[in-house]
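The following comprises the amino acid sequence and a computationally predicted model.
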Amino acid sequence: MSRPVLVWFRRDLRTEDHAALWHAAQTQGPVVPVFIVDRELIAELPSDGAIFDFQAACLQELARRLEALGAPLCIRYGRVEEVFSVLFQELAPRAIYYNRDYEPYARSRDAVVERLARAWGIEVKSFKDHVLHEPWEVATAEGKPFTVYTPFYRVWRALAKPEPFGEPERLVGVPGLQSEDLPTAERLSRKREVPTWAVEPGMEAARRRWERFRRGGLLHYAAQRDFPALAEGTSRMSPHLRFGTISIRRLYADAAALLEDPTLPAEVRTSVEQFLAELAWREFFQHVLWHFPETPQRSFRRWMDDFPWEGSEEHFRAWVEGRTGYPLVDAAMRELKQTGYMHNRARMVVASFLVKDLHLDWRWGERYFRSRLLDGELAANVGNWQWAASAGVDARPLRIFNPVLQSKRFDPEGLYIRRWVPELAALPLDYLHEPWRMSPQEQARWGLRLGRDYPYPIVDHAERAARFAERFTQLKRHTETRRD
Ligand SMILES: Cc1cc2nc3c(=O)[nH]c(=O)nc-3n(C[C@H](O)[C@H](O)[C@H](O)COP(=O)(O)OP(=O)(O)OC[C@H]3O[C@@H](n4cnc5c(N)ncnc54)[C@H](O)[C@@H]3O)c2cc1C
C-alpha cells in the first residue's frame, strides 16, 4: 500500500465541501483522517462542558460518515507534536493536509507541526476553507489591512468567491488503526453547566437547519433579524460555522444563487444582501485577528486599556446570572446560560450594559461569553466585544445602548422577556420593560414583589451612561493632547 495522506481535522467537522479532505481524496491514495484532542489548547479554553459535548456529538457523526466513505477517523489524545511523532512512526505518511486556522494559538501550533513534518521529510499542505478570502487577499489600495468594515465589505463583496467542492465519493482507508474515545465533557473532566443546546450538533442537522432557513427566514431576514423572540429570524448557523459542520462556501453559494433570479422581490433581495453582509462581518473579524493577533489581550484602541474599570465582582455576578433588574438584559443572559446561544441584538445590548453601565472591562465579558457560547470563537467574540466597548476597529462615535428603549423596540410584545424571565411573565406590557415603575399596590396586583421576586435595577442607566461618556471623552482627549 502506498504511503497515506493524513487529513488533520480541527474546526471543520464535516465531509462535504472540506478542502483538505477533498484534495486528499483526489490523490487516489490512502487517507487517514485524524482528530487530536489537544490538551494544551483545552487547558487554555474557558469553555463549559456543554461545548465539548457538542463537539463530541459532531465528531461522532463525522466518524460514522468517514467510516461509510471508507476511511475511519483516528482520534488521539496528547500534545500535538507528540501525537504526530507517533503517527509518523506508525504510518510513515507522505503528507499532512489541513485547513488553515487564523487564531494566534493555532498559527503557532501549526508552524510547530509543519517544522516537525518537514524534518521527517513529510509534505505539508494547508488549504483555505474557513473563510472565503484569506486575510492577505482583501486589502486597501495601499495594500494595508482594512480596519473599518464598510470599505472592507465593498472590496470583499466584489471578489469572485470559491465554489463548494462537494463530498468525496469514496476514500481509501488504512485498516486496523487504533482510535481513542470521543472527547466528551466527562472524558475531559469538564463540568457541564449549560443544560441544553440551542442548536442541534452535526452536519446533517446543519444541513436541515440551513435548508429550512434558506427557504424561509432568509427571505425575510432584513425585517426579522433584529427580534430575539423570533427563532427563525436568523440562521443559527454560527455554531455550525464554529465547528465547521457546514462550510462558508456552501452558505455563500446558496444565498448568492438566489440573487441571480431577476424576478426576486426587492424585500428578498435586500434580505439576501444583508445576510451576505453578515457573513462578511465574520470574515472581517477573522482578518482583524490575523493582522492584529494581540487584540484578544489588548484593545485595538490602545488608550481604552487605561479606562478606569470599576471591577465590581458583585455587578459581574448579577450580569452573569441575569439579575440586573433590566428585563431584556436578564432574559438574554439566562438564554445564554441555559442554551449556549444568545441572539445578536441581545448580545449587543448585554455587552453595552456590562461595559457602559457597569463599567466592567470588556475582557471579563468576552471570556464569559466564550465559556458559554456554542459559537464562541476568538475572532468574532473579541471583535464584537471591542466594538461594543468602543475599544475596537470600526470605531463609531461613542454608542451606548439604552436597555429599556432596546427592549421596547426589539421585544415589543415582550415574548422574549416572558420566555426567559418567567417571574415577569404575568406583567402587562406597560411594566414588562420597566418593572420598577410599579407602585407597591401594582406589585401586589400582579403578584410580584420587587427586591424579593425580581431585583430593582442594580444601577441607574442614565446616570451610569453619562458617567461612562464623561470618562471616555476625558480619556480620549487626554490621549489626543499627549499625542500633540
Ligand atoms: C458581544 C458579541 C459577541 C459575539 N460573539 C460571537 C462569537 O463568539 N461567535 C460568533 O460566531 N459570533 C459572535 N457574535 C456575532 C453574532 O452575534 C453571531 O454570529 C450571531 O448572533 C449568530 O447567530 P446566527 O447564526 O443566527 O446569525 P445570522 O444573523 O444568521 O448571521 C449569519 C452568520 O453571519 C455571521 N455573523 C453575523 N453577525 C456577525 C457579527 N456581528 N460578527 C461576526 N460574525 C457575524 C455569523 O457567522 C452568523 O452565523 C457576537 C456578537 C456580539 C455583539
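Cool, the structure landed. Owing to the predicted nature of the structure, the values given are computational and were not obtained by experimental measurement.

In contact with F227, which residues are there?
G233, R345, F410, D411, Y416 (C-beta atoms under 8 Å, 6 or more residues apart in numbering). In short, each C-beta sits where N, CA and C put it, glycine included.

And the pLDDT at the third one?
In this model, F410 is scored at 98, pLDDT.

And for L159?
We note a pLDDT of 98 for L159 in this prediction.

Grab the nearest non-local neighbour of it.
H133 (5.8 Å; C-beta to C-beta, 6 or more residues apart in numbering).

for G217, same thing?
E232 (4.4 Å).

quick one, domains of the protein?
5-129, 203-291, 302-483 (automatic domain parsing).

so how far is the first residue of the second one from its last?
One end of domain 203-291 sits 30 Å from the other (C-alpha to C-alpha, to the nearest Å).

List, one by one, the residues from this structure near the ligand.
225, 234-238, 241-242, 278-279, 281-282, 285, 344, 347-348, 351, 369, 373, 375-377, 380-381, 384-385, 388 (C-beta under 6 Å from any ligand atom).

before we move on, the earlier item: can you tell me which residues contact the residue nearest to G217?
R212, F213, G216, G217, Q224.

buried stuff in stretch 366-378?
E366, Y368, F369, R370, S371, R372, L373, L374, D375, G376, E377, L378 (16 or more other C-beta atoms under 10 Å).

Generate a ChimeraX selection restricted to the buried entries among the contacts of E232.
In ChimeraX, this line selects whichever of the contacts of E232 come out buried by 16+ other C-beta under 10 Å:
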select :213,217,224
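
rewinding a little: got the domains of the chain as TSV, with distance to G143 columns?
Output for the domains of the chain, formatted as TSV (distance: least, C-beta to C-beta, whole Å):
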stretch	distance to G143
domain 5-129	19
domain 203-291	12
domain 302-483	18
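
so what strands line up beside the longest strand along the chain?
Counting by DSSP state E, the longest strand found in the chain is strand 31-37. Strands that pair with strand 31-37, judged by DSSP bridges, come out as strand 5-9 (parallel), strand 74-77 (parallel).

quick revisit: G49: which of the contacts of F227 is nearest?
Y416 (26.4 Å; C-beta to C-beta).

Quick check: phi and psi on that closest one?
phi -70, psi -50 (degrees, to the nearest 10).

List the contacts of it.
F227, P228, A229, L328, A331, H343, A346.

now with 6 Å?
Counting by C-beta atoms under 6 Å, 6 or more residues apart in numbering, Y416 touches P228, A229, A331.

how close does the residue lying closest to it once chain neighbours are set aside sit to A331?
Ranked by C-beta to C-beta, 6+ apart and with sequence neighbours excluded, the top spatial neighbour of Y416 is A229, at 4.0 Å. Counting by C-beta to C-beta, to the nearest Å, the gap from A229 to A331 is 9 Å.

Between these two, which is the more surrounded one?
A331 (29 against 18; other C-beta atoms under 10 Å).

mind pulling up the phi and psi values for the more buried one?
phi -60, psi -50.

That one and I417 touch, don't they?
Yes: using C-beta atoms under 6 Å as the test, A331 is close enough to I417 to be in contact (4.7 Å).

Any stretches of the stretch 151-300 of the chain with poor pLDDT?
Counting by pLDDT under 70, the stretch 151-300 of the chain contains no low-confidence residues.

how about the strands of it, start to end?
Counting by DSSP state E, counting those that start in this stretch, the stretch 151-300 of the chain has no strands at all.

Pull the contacting residues for L259.
Counted by C-beta under 6 Å, 6+ apart, L259 has contacts V272.

let's go with 7 Å and repeat that
Residues near L259 by C-beta atoms under 7 Å, 6 or more residues apart in numbering: R269, V272.

Could you do the one 10 residues further on as well?
With contacts defined as C-beta under 7 Å, 6+ apart, R269 is in contact with L259.

go on, Q443?
With C-beta under 7 Å, 6+ apart, Q443 has these contacts: R449, L450.

Show the model's pLDDT score for it.
97.

residue ranges of the helices in the stretch 301-450 of the chain, please?
313-321, 327-339, 344-352, 362-372, 378-388, 403-410, 415-420, 429-432, 440-446 (DSSP state H, counting those that start in this stretch).

Pull out the buried positions in the shortest one.
It stands for helix 429-432. Y431, L432.

could you dump it to CSV, C-alpha only?
Output in CSV follows, covering the C-alpha atoms of helix 429-432 (Å, rounded to 0.1, in the frame of the first residue of the first chain):
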residue,chain,number,x,y,z
LEU,A,429,-46.7,45.3,28.7
ASP,A,430,-46.7,48.7,30.3
TYR,A,431,-44.5,47.4,33.1
LEU,A,432,-42.7,44.5,31.5
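
So which residues of the stretch 51-200 of the chain form helices?
80-91, 104-119, 149-158.

re earlier: isn't the residue nearest to L159 right next to K161, touching?
No: if you go by C-beta atoms under 7 Å, H133 and K161 don't touch, sitting 8.1 Å apart.

Surely P195 is in contact with Q338?
Yes: look at P195 against Q338 with C-beta under 7 Å: they come within range, at 6.2 Å.

So those two - more neighbours on which side?
Taking neighbours as other C-beta under 10 Å, P195 and Q338 compare with Q338 leading, 16 against 10.

what's the closest of the domains of the chain to A141?
domain 203-291 (16.4 Å).

Once you drop chain neighbours, what's closest to G78?
Per C-beta to C-beta, 6+ apart, closest to G78 is R39, 6.6 Å.

That neighbour: neighbour count?
The burial count for R39: 16, using other C-beta under 10 Å.

And it, its phi and psi?
phi -60, psi -30.

pLDDT score for it?
Taking R39 on its own, its pLDDT is 78.

which residues does it contact?
Per C-beta under 7 Å, 6+ apart, neighbours of R39: Y77, G78, R79.

residues touching the first one, list them.
Y77 makes contact with V37, R39, E180, according to C-beta under 7 Å, 6+ apart.

didn't the first one look like it was pressed against P183?
Yes: counting by C-beta under 7 Å, V37 touches P183, with 4.5 Å between them.

returning to that earlier point: adding distance to E480 as columns, could you present the contacts of E232 in a markdown table?
Formatted as a markdown table, the contacts of E232 follow (distance: C-beta to C-beta, whole Å):
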| residue | distance to E480 |
| --- | --- |
| R212 | 51 |
| F213 | 46 |
| G216 | 49 |
| G217 | 44 |
| Q224 | 41 |
